[in-house]
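Enquirer: Predicted model, plus sequence, below.
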Amino acid sequence: METMSNPYPKKMHDTYEDEEERKHFQRIVSAFKYYKNHSLLRVKKTESYLLSLPAHHQKLLSKYREHLQEVKRCIENNDEIIKLIIKDVAHIFENVSPATAQTESVRFTWSDCRR
């Protein structure tokens, strides 16, 4: 039964929610895909800043420079894991077509991933 607070039919509302969920999911996937580039750029900016410091300050921060190398290594490792996570992402909504979505009400949420 439709509630008075929702002026839209249930099918239209479900279709809208499904589309919003797809858009949200794509934004998350895009963030995963851009992780490596963004993270390495941040490290590179920090390294550039370090190089702009006087030599005696750079010497004091030699351990920090080593730390940044470790951060870059971790970014590379994380990127490999992210690639595994998103490798089949193009097929995630494959089992839902506009025609079946209205009758089957198939949904994917992040809570499903935790199960």
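Expert: Looks like it arrived, so ask away.
Enquirer: rest of the way, CA atoms for contacts and neighbours
Expert: Noted.
Enquirer: What segments of the protein are strands?
Expert: Using DSSP state E, no strands are found in the chain.
Enquirer: longest helix of it?
Expert: helix 10-52 (DSSP state H).
Enquirer: And the average pLDDT for that helix is what?
Expert: For helix 10-52, mean pLDDT is 90.
Enquirer: same deal with stretch 64-79?
Expert: Stretch 64-79 comes out at a mean pLDDT of 97.
Enquirer: List the buried residues of it.
Expert: Within stretch 64-79, the residues scored as buried using 16 or more other CA atoms under 10 Å are R65, L68, K72, I75, E76, D79.
Enquirer: tell me what the longest helix of the chain is packed against?
Expert: helix 62-86, helix 98-104 (3 or more CA pairs under 8 Å, 6 or more residues apart in numbering; DSSP states H and E).
Enquirer: how many degrees apart are that helix and helix 62-86 in direction?
Expert: Counting by axes from the mean of the first three to the mean of the last three CA atoms, to 10 degrees, helix 10-52 lies at 160 degrees to helix 62-86.
Enquirer: re the thing from before, for the helices and strands packed on helix 10-52, please prepare CSV with the additional fields distance to V43.
Expert: Listed next are the helices and strands packed on helix 10-52 as CSV, based on distance: least, CA to CA, whole Å:
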stretch, distance to V43
helix 62-86, 7
helix 98-104, 43
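Enquirer: Of those, which is nearest Y16?
Expert: In terms of CA to CA, the element of the helices and strands packed on helix 10-52 nearest to Y16 is helix 98-104, at 10.8 Å.
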